[in-house]
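Novice: Predicted coordinates and the sequence they were generated for:
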Amino acid sequence: MSTLTTEGTVGLGIRRISASKKPDTTTKQYPELAILVDISSCIGCKACEAACQQWHDLTPPIMTPEEVVQRRIAGYQSHPDLRHDLFMLMKFNEGESEGRFVWFITKYQCMHCAEPGCLIACPSPGAVIQYQNGIVDFDHSKCIGCKMCLVGCPFDVPRFDANNKPWKCNFCIDRVTAGLEPACVKTCPTQCLTFGFKEDMVEKGKKIVQSLKERGYKNATLYDPPGVGGTGYIYVLPHGDKVKEYNLPENPRVDASIGLWKGPLKVLGSIAIWGALLGAFLQLILWGPIKVLGGKEEDKEG
Amino acid sequence: MDIERFSATDRILHWVTAIAFLYCMLSGIGIAYPKFHWMLTLLGGGEFARWLHPWAGAVFSVGAILMILKWSRDMVMKGEDWLWLMRIKAYISGRHEDLPEVGKFNGGQKLYSWVVFLSAVIFFLSGLPMWFPENFSIGLVRWSVVVHEITFIVATFFTVIHIYMGTIGVPGSIWGMIGGKVSETWARFHHPRWFREVRGE
């Protein structure tokens, strides 16, 4: 049982929602939550993955040995990629660091960015919600299925069901709201996962990084990418110089193209189309319709 | 006496393309511009409009390409068409005598036909990655959205003018696309060289 609660709906104040005006958040605020993933103490047991599937009632199909060979996945990974019915996946990558074998392990799921690309790109009002506590969630009733959330996501996370509705980790918002820690954290046997306020998690992560450095992992780092305003999942990476080996983007940010069509191009489009309508109207009232012979009657024999 | 301006094939092609484009334009505005999200309700609801948009787009693209194939010979831009476009102010302000003589289509109509053709191709090529974003590289999908939006701005700007000119702006021209026939007076005034060609003069 977590000591942290969101006190019912208090923590579920909205910070912002897609394609809408920013709500007034001065009335009630709630600090951001985070999950610290300490890769240095992960043993790769995938219990978090099992707990995630159990809590969310997910039954993704199990890969056949042929599929495993075909997709060149190290046998230890359960699936090649996230699916609409698989919200989180432990990714395994065999590599090297300073001449020694390293098993790069990553917990791969929605990162709950402070600047969520999905929310910024989503054109449907209210379909993506960011709560005060930092949790980013989808409202399928408002989603139109355009997949722009995937286009905006710097981490390639949303996956779509047969109706083009996106699915992803929702930080076990139902559990968190009830004062429980997310399912993955609850089940982790090595305390590699810790759940709490973001501030505390950052502090704890920094301490672990410091002790790793003292133990000789001189490149150890805390992964909390500033390009997306920081994330709700933060990672202690023992080999911080090899972020890519962990299947994490080195400097994720919401792509410039999103800002371009969400901002200047919308303004330009509005000016062009209202301008064309206004122009047509001005032609009408200034000179009137372009009539045959300027409207003068003529003999109709032709 | 009336003269046939557009054959039945021309008219069917035009209206299939036009209705498909209108649906795409309105649903596109509803999808991309949150202030006009309400329009999706009138177009069958957000999910339905988003589903139909790419299919209507495919119809538009194919229709527009067939149309230009059929009309391309009439649409070649010549020196007189550029001159006509440069003097467009004379056209819209009713000073007809300052304009070069016009054939079946004037410079504005020709320009619009190429805008439609090019936009049909670009809409299709940029729409495909947006339709199936999982099957293309994410960078391509992201910039396709930008290209799609720019194409929308250009195509819609010209289409607003096209619709205005075809209905209120130039009285009598709508009958070329409804029923296919225009009056002799209209033809002689707006498209004198074409009028003479039709009459075999």
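Specialist: All right, it came through fine. Residues are numbered from 1 along each chain as shown, chains lettered A, B, ... in the order given.
Novice: Only C-alpha atoms from now on, for both contacts and neighbour counts.
Specialist: Will do.
Novice: Give me the distance between the spatially most central residue of chain B and B:G176.
Specialist: Nearest to the mean C-alpha position of chain B, by Cα atoms, centre = their mean, lies B:V116 at 4.9 Å. B:V116 sits at a distance of 19 Å from B:G176 (criterion: Cα to Cα, to the nearest Å).
Novice: quick one on the thing from earlier: quick one: what helix or strand has the residue nearest to the centre of chain B in it?
Specialist: Per DSSP states H and E: B:V116 is located in helix B:107-131.
Novice: Quick one: mean pLDDT over that helix.
Specialist: For helix B:107-131, the mean pLDDT works out to 97.
Novice: is it true that the residue nearest to the centre of chain B touches B:A64?
Specialist: Yes. Counting by Cα atoms under 8 Å, B:A64 is a contact partner of B:V116 at 6.7 Å.
Novice: Contact residues of the stretch 1-150 of chain A facing chain B?
Specialist: When proximity is defined by Cα under 8 Å from any Cα of the partner chain, the stretch 1-150 of chain A lies next to chain B at A:A19, A:S20, A:P123, A:S124, A:P125, A:C143, A:I144, A:G145, A:C146, A:K147, A:L150.
Novice: how about those in a markdown table, adding pLDDT and distance to A:F171?
Specialist: Listed next are the residues of the stretch 1-150 of chain A next to chain B as a markdown table, based on pLDDT from 0 to 100; distance: Cα to Cα, whole Å:
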| residue | pLDDT | distance to A:F171 |
| --- | --- | --- |
| A:A19 | 90 | 22 |
| A:S20 | 87 | 23 |
| A:P123 | 95 | 23 |
| A:S124 | 94 | 22 |
| A:P125 | 92 | 22 |
| A:C143 | 95 | 19 |
| A:I144 | 96 | 23 |
| A:G145 | 96 | 22 |
| A:C146 | 96 | 23 |
| A:K147 | 96 | 21 |
| A:L150 | 97 | 18 |
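Novice: Identify, from those, the entry nearest to A:F92.
Specialist: Within the residues of the stretch 1-150 of chain A next to chain B, the smallest distance to A:F92 is 23.1 Å, found for A:L150 (Cα to Cα).
Novice: Can you give me every residue that contacts the closest one?
Specialist: Going by Cα atoms under 8 Å, 6 or more residues apart in numbering or on different chains, A:L150 touches A:C118, A:D156, A:V157, A:P158, A:R159, B:P133.
Novice: Buried ones in the top helix by length along chain B, by neighbour count?
Specialist: Longest helix of chain B, by residue count under DSSP state H: helix B:46-75. Within helix B:46-75, the residues that count as buried by 16 or more other Cα atoms under 10 Å in any protein chain shown are B:46-47, B:49-54, B:56-68, B:75.
Novice: where does the chain have low pLDDT?
Specialist: Picked chain A for this. A:1-11, A:71-75, A:295-302 (pLDDT under 70).
Novice: My question was about chain B, not that one.
Specialist: Across chain B, the ranges flagged by pLDDT under 70 are B:201.
Novice: if we go to 80?
Specialist: Along chain B, the model assigns pLDDT under 80 to residues B:1, B:201.
Novice: From A:N163, how far out is the residue nearest to the centre of chain B?
Specialist: 32 Å.
Novice: Ramachandran angles for the closest residue to B:M177 other than its chain neighbours?
Specialist: What sits nearest to B:M177 in space, not counting adjacent residues and going by Cα to Cα, 6 or more residues apart in numbering or on different chains, is B:R11, at 5.7 Å. Per-residue torsions, B:R11: phi -70, psi -40 (degrees, to the nearest 10).
Novice: just checking, A:P60 touches A:F87?
Specialist: No. Using Cα under 8 Å, A:P60 is not in contact with A:F87; the gap is 9.8 Å.
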